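Novice: With the input below, show me the fold.
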Amino acid sequence: MKRITLLLTLLILINCKSKNEFEGQFLSAMEMTTLNVNGNEIGFNVGYTVEFEQVENQDCLVETKDELNSMLIEPLIKSVIRGFIGKLDNNGIEIMDKEDLKAEINKELSEGNISLNSKKFVNCPLRISMFAITRRN
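Specialist: Numbers count the residues shown, from 1 in each chain. Alright, predicted model coming up:
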């Protein structure tokens, strides 16, 4: 019984490692709309570069860069932007510092505040190295 359990555990770990052998960086862009402090809709174009690396015993929640972006990174970025913009009026939005937004996103990433299907995405160093946000008219 011990051998079967050990073999099964080993097969699961090998499967996770083979499915998650991606690392490096990728560039992504998206459009989003959110509300400011006055309840007015404001549209943004957002671009960012994600840097990441493979680590031993990485939690296997995603298998590709596209899944990483669409299921984990993009929702986190949208959430941070909504929270940030929701506290600002039009004047505040005009003078906001994109570096503050980037710092908040990286803080959330470093604290492991990403989850998928109620599972935490852990042991994966992720960082936004480039971040741009512009207001759409």
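
Novice: From Asn38, how far off is Gly83?
Specialist: For Gly83, the distance to Asn38 (CB to CB, to the nearest Å) stands at 16 Å. The C-beta positions use only the backbone N, C-alpha and C, and glycine is treated the same way.

Novice: Please say which of those two ends up with more neighbours.
Specialist: Gly83 (13 against 9; other CB atoms under 10 Å).

Novice: which secondary structure elements does whichever helix or strand the more buried one is part of contact?
Specialist: Per DSSP states H and E, Gly83 falls inside helix 74-85. For helix 74-85, the packing partners by 3 or more CB pairs under 8 Å, 6 or more residues apart in numbering; DSSP states H and E come out as strand 24-35, strand 41-52, helix 98-110.

Novice: got the ones you listed as CSV, with distance to Asn91 and mean neighbour count columns?
Specialist: Output for the helices and strands packed on helix 74-85, formatted as CSV (distance: least, CB to CB, whole Å; neighbours: other CB atoms under 10 Å):
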stretch, distance to Asn91, mean neighbour count
strand 24-35, 16, 13
strand 41-52, 13, 16
helix 98-110, 16, 16
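
Novice: possible to save those as a markdown table with distance to Leu88 and mean pLDDT?
Specialist: Output for the helices and strands packed on helix 74-85, formatted as a markdown table (distance: least, CB to CB, whole Å; pLDDT from 0 to 100):
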| stretch | distance to Leu88 | mean pLDDT |
| --- | --- | --- |
| strand 24-35 | 10 | 92 |
| strand 41-52 | 9 | 92 |
| helix 98-110 | 11 | 92 |
